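Chemist: Need coordinates for the below:
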Amino acid sequence: KLFVQVGPIIVRWSSSTNPYVKINFDVAFKVKSRQLRTNFVIKSAYGQVLGSGMMIDLHILDAFSVEVLASIQSLQLALNMGFTMVEVEGDSRMVIF
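Modeler: Reported below is the predicted structural model:
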């Protein structure tokens, strides 16, 4: 299992339930250059990596826009790969609920 440290809290990755695939994404945002970097991975309910990627976008307005764009990009990848039953996980509760 994958453990990720987020501040003082350790979060354990959990799988989706079959037949769903799970997309995990994270973003880095440079305020001065307004540059966004999105990293994402798509895994099966069994933890098998089905796809992953990284995207860079320029001229992003703010942190909220960063999270929205990252979630849309990861969903587009899943749809392009033919997945229609998708669970999305990121670190913004304002975007994903």
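Chemist: Can you get me a residue count around Gln76?
Modeler: Using other C-beta atoms under 10 Å, Gln76 is surrounded by 11 other residues. For glycine as for every other residue, the C-beta is placed from the backbone atoms N, C-alpha and C.
Chemist: Find the nearest non-adjacent residue to Gly47, please.
Modeler: Residue nearest to Gly47 in three dimensions, not counting chain neighbours: Ser15, with 5.6 Å by C-beta to C-beta, 6 or more residues apart in numbering.
Chemist: check which helix or strand covers that neighbour.
Modeler: Ser15 belongs to no helix or strand when assigned by DSSP states H and E.
Chemist: show me the contacts for it.
Modeler: Counting by C-beta atoms under 8 Å, 6 or more residues apart in numbering, Ser15 makes contact with 22, 43-47.
Chemist: pLDDT value on the residue nearest in space to the middle of the chain, please?
Modeler: In the chain, the residue lying closest to the centroid (C-alpha atoms, centre = their mean) is Phe25, at 1.6 Å. You'll see Phe25 listed with a pLDDT of 86.
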